[in-house]
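*Asks:* sequence below, structure please.
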Amino acid sequence: MNVNQLFKQFENTKVLVLGDVMIDAYFYGSVSRISPEAPVPIVNLKSKEQRLGGAANVALNLKSLGAEPIICSIKGNDYNGNVLKELCLKNGLNVDAIINDYNRQTTVKTRVIGNNHQLLRIDEEETYEIDASLENLVYQAVKSLISEINVLIFQDYNKGLLTPSLIKRVIALCKENNVPMVVDPKFANFYEYQGVTLFKPNKKELQQAENIGKNIGVSEVKALAATVRNKLKVDKIMTTLSEDGVLIIGEENTVHLPAHARKIIDVSGAGDSVLSVASLCVACGVSDELIAALSNLAGGIVCEQVGVVPIDRDLLYTEAMELNIASGY
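*Replies:* Okay, the predicted model is just below:
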């Protein structure tokens, strides 16, 4: 399959993004003095911005790539929950499967930026697990959509939506309906994702899961990823390695591609772009080599942008064509 065919197939792909949604808020200003009240900078506030974060940013990436994302998540029945819903609608995202949790606040992460440097982050969130009744509502929402989708993404930020029970039930449902599953894990539920299609931790998450504190090289990461893959019984494990590129270990082969030489400005959101491209590639049934190559390229492109932004489809397509990225795959 060439790049042109693959990008056309993206447009016919429907993706269910099951995971924690949040608002990424930014306060921008300048700093010219230190407070007389405490040894902290005074930020002269110039502007404010609110963006979609978490699983909602993954949905933005998928939409930018031409696919049709559906978010299945929870939000608080509060002011920020309304803002989150409005941001989704403004960006053309389906909100039908975003369910109100009347017992929690909507997650908001506010970053204070002074002189182009992040000075502070304020988190408004509650991370306890959803109760059984809410879990059933979420599961029924997934079940009602399962026959329509081509791939399901678990976007886990350990904010309470993805309980071990819900994960197990959704995996079983996907297997019954032959829907491939892609996972972006966090520490708490790391080993709950048994038997999924593609499991995508970064190097740090991989080491945390196996309690390895020291810095390790690529060869050691390969061995570690293979161990985790066997424990989880997943089809393939994909690990992002920052400047060392990307690694995919499957049933029969190992693919390691170095990072593209780029001017790295901000790594925020790169993982979401990598995940989105990889998920669409899985849905389209392409080779591990092509999954790695296109995802790796997407991550590099996003790192040249400031802040959390979705991948630019046209730029990804142009660079993939110029690099002849599908050649031999």
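
*Asks:* for the nearest residue in space to residue 124 that is not next to it in sequence, which residues make a bridge with it?
*Replies:* Nearest residue to residue 124, sequence neighbours excluded (CB to CB, 6 or more residues apart in numbering): residue 108, at 4.4 Å. Every residue, glycine included, has its C-beta placed from N, CA and C. When bridges are called by DSSP bridges, residue 108 pairs up with residue 23, residue 124.

*Asks:* mind starting the numbering at 269 from now?
*Replies:* Sure, I'll start numbering at 269, so the last one becomes residue 376.

*Asks:* surely residue 376 and residue 290 touch.
*Replies:* Yes: look at residue 376 against residue 290 with CB atoms under 8 Å: they come within range, at 6.5 Å.

*Asks:* of the two, give the one with the bigger neighbour count.
*Replies:* residue 290 (25 against 22; other CB atoms under 10 Å).

*Asks:* check contacts around the more buried one.
*Replies:* 321-322, 324, 352, 374-377, 393, 425, 427 (CB atoms under 8 Å, 6 or more residues apart in numbering).

*Asks:* 6 Å instead?
*Replies:* Residues in contact with residue 290, defined by CB atoms under 6 Å, 6 or more residues apart in numbering, are 321-322, 375.

*Asks:* cool, and residue 361?
*Replies:* residue 327.

*Asks:* for the one 5 residues further on, same thing?
*Replies:* Remark: with contacts taken as CB under 6 Å, 6+ apart, residue 366 is in contact with 339, 341, 343.

*Asks:* for the residue lying closest to the second one once chain neighbours are set aside, give me the pLDDT.
*Replies:* It refers to residue 341. The spatial neighbour of residue 341 that comes closest, neighbours along the chain excluded (CB to CB, 6+ apart), is residue 289 at 4.4 Å. Looking at residue 289, its pLDDT reads 97.

*Asks:* so how far is residue 390 from residue 289?
*Replies:* Noted for residue 289: a distance of 18 Å to residue 390, by CB to CB, to the nearest Å.

*Asks:* cool, and residue 361?
*Replies:* Distance of residue 361 to residue 390, given as CB to CB: 25 Å.

*Asks:* repeat that for residue 443.
*Replies:* With CB to CB as the criterion, residue 443 and residue 390 are 41 Å apart.

*Asks:* the more surrounded of those two?
*Replies:* residue 443 (14 against 11).

*Asks:* quick revisit: nearest to residue 311, out of the contacts of residue 366: which one, please.
*Replies:* residue 343 (28.5 Å; CB to CB).

*Asks:* returning to that earlier point: hang on, the residue nearest to residue 392 packs against residue 347?
*Replies:* No: contact criterion CB atoms under 6 Å: residue 376 and residue 347 do not qualify, at 10.0 Å.

*Asks:* tally of neighbours for the closest residue to residue 336 other than its chain neighbours?
*Replies:* In space, and not counting its chain neighbours, residue 336 is closest to residue 282: 4.6 Å by CB to CB, 6+ apart. Residues within reach of residue 282, counting by other CB under 10 Å, total 16.

*Asks:* downstream of the one helix or strand residue 475 maps to, the next helix or strand is which one?
*Replies:* In this structure, residue 475 sits in helix 471-477 according to DSSP states H and E. Using DSSP H and E, the helix or strand that follows helix 471-477 in sequence is helix 486-500.

*Asks:* what does the helix or strand following that following helix rub up against?
*Replies:* For helix 486-500, the succeeding helix or strand toward the C-terminus, using DSSP H and E, is strand 504-508. The contact list for strand 504-508 (CB under 6 Å, 6+ apart) reads 466-468, 470, 474, 493, 497, 514-518, 542.

*Asks:* stretch 327-346 now?
*Replies:* The contact list for stretch 327-346 (CB under 6 Å, 6+ apart) reads 278-279, 281-286, 289, 320, 323, 349, 352, 361-362, 365-370, 372-374, 409-410, 429, 540-541, 544, 548, 578-579, 581.
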